[in-house]
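Chemist: What follows is a predicted protein model with its sequence.
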Amino acid sequence: GQQVMQIPQYQHVQEGEDFTTYCNSSTTLSNIQWYKQRPGGHPVFLIQLVKSGEVKKQKRLTFQFGEAKKNSSLHITATQTTDVGTYFCALSNFGNEKLTFGTGTRLTIIP
Amino acid sequence: DGGITQSPKYLFRKEGQNVTLSCEQNLNHDAMYWYRQDPGQGLRLIYYSQIVNDFQKGDIAEGYSVSREKKESFPLTVTSAQKNPTAFYLCASSMRATGTDTQYFGPGTRLTVL
């Protein structure tokens, strides 16, 4: 099956610091989605990337799809306590009807 | 108020008993999914269904069974054959079963087998 590496597994940052999580695939992807799961909650869709080299922004969040469509990153600028949670990438190959979720990066904020 | 409901939120069962987790959606989505999440782990796909009366095994289907008799409902049965059933179970749905459709998740059921 498809290998989905997401790093780091855990990240502790001071409030106001930046945060980045990376998602890497062993195969070329058709698209990638990002989800956020708050502690005790369920995953919620954030964004989808489709094009090679695509960059999308949502306020302090910046999402990037690699040129080779094998990796992606999520960067949060000036973290806030509301950013706490686990961030998952979810990958899809061409013609595949399933999403494969990464292992997630758990972000904790030190006030 | 549209969405996905799962009940109950917490479920306790004795070892050796089968248990069925419910999942209902009123989003008119064709596709539905069941995932398992263990502490500190990602989501692993158990079963998914693209349409009524059809379902496919995911990556960890052993010890589980599903049915899809209605578009709105996709119950999951955790059988006694599942060796380590204690986990957080998440149901999701999407418009279609493609890798580009957004998945909407229910609140989850936390199953503990004693």
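Modeler: Nice, thanks for sending it over.
Chemist: Please read off the pLDDT at the residue of chain A found nearest chain B from the model.
Modeler: Relative to chain B, the nearest point of chain A is A:S92 (2.4 Å; Cβ to the nearest Cβ). Using the backbone N, CA and C atoms, a C-beta is placed for each residue, glycine as well. pLDDT, A:S92: 87.
Chemist: Quick one: residues contacting the residue lying closest to it once chain neighbours are set aside.
Modeler: Leaving aside its sequence neighbours, A:S92 sits nearest to B:G99 (Cβ to Cβ, 6 or more residues apart in numbering or on different chains; 2.4 Å). If a contact means Cβ atoms under 8 Å, 6 or more residues apart in numbering or on different chains, then B:G99 has A:S30, A:N31, A:L91, A:S92, A:N93, A:N96, A:E97, A:K98, A:L99 as its contacts.
Chemist: Would you mind putting the residues you listed into JSON lines with secondary structure and neighbour count alongside?
Modeler: Listed next are the contacts of B:G99 as JSON lines, based on DSSP: H, G, I helix; E, B strand; the rest coil; neighbours: other Cβ atoms under 10 Å in any protein chain shown:
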{"residue": "A:S30", "secondary structure": "coil", "neighbour count": "15"}
{"residue": "A:N31", "secondary structure": "strand", "neighbour count": "21"}
{"residue": "A:L91", "secondary structure": "strand", "neighbour count": "26"}
{"residue": "A:S92", "secondary structure": "strand", "neighbour count": "23"}
{"residue": "A:N93", "secondary structure": "coil", "neighbour count": "16"}
{"residue": "A:N96", "secondary structure": "coil", "neighbour count": "17"}
{"residue": "A:E97", "secondary structure": "coil", "neighbour count": "17"}
{"residue": "A:K98", "secondary structure": "coil", "neighbour count": "21"}
{"residue": "A:L99", "secondary structure": "coil", "neighbour count": "28"}
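Chemist: can the residues you listed go into TSV with extra columns for distance to B:Q50?
Modeler: Shown next, in TSV, are those (distance: Cβ to Cβ, whole Å):
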residue	distance to B:Q50
A:S30	18
A:N31	18
A:L91	19
A:S92	15
A:N93	17
A:N96	13
A:E97	7
A:K98	10
A:L99	13
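Chemist: And the strands in chain B?
Modeler: Taking DSSP state E as the criterion, chain B carries its strands at B:4-7, B:10-13, B:19-25, B:31-37, B:43-51, B:54-57, B:64-66, B:76-78, B:87-94, B:104-105, B:109-113.
Chemist: Turn those into CSV, columns for distance to chain A and mean neighbour count.
Modeler: Below are the strands of chain B laid out as CSV (distance: least, Cβ to the nearest Cβ, whole Å; neighbours: other Cβ atoms under 10 Å in any protein chain shown):
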stretch, distance to chain A, mean neighbour count
strand B:4-7, 9, 17
strand B:10-13, 12, 13
strand B:19-25, 12, 19
strand B:31-37, 8, 25
strand B:43-51, 4, 21
strand B:54-57, 8, 14
strand B:64-66, 15, 20
strand B:76-78, 15, 21
strand B:87-94, 6, 24
strand B:104-105, 4, 21
strand B:109-113, 10, 18
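Chemist: Quick one: those strands as a markdown table, columns for mean pLDDT too.
Modeler: Converted to a markdown table, those look like this (pLDDT from 0 to 100):
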| stretch | mean pLDDT |
| --- | --- |
| strand B:4-7 | 95 |
| strand B:10-13 | 93 |
| strand B:19-25 | 96 |
| strand B:31-37 | 96 |
| strand B:43-51 | 95 |
| strand B:54-57 | 95 |
| strand B:64-66 | 97 |
| strand B:76-78 | 96 |
| strand B:87-94 | 97 |
| strand B:104-105 | 96 |
| strand B:109-113 | 95 |
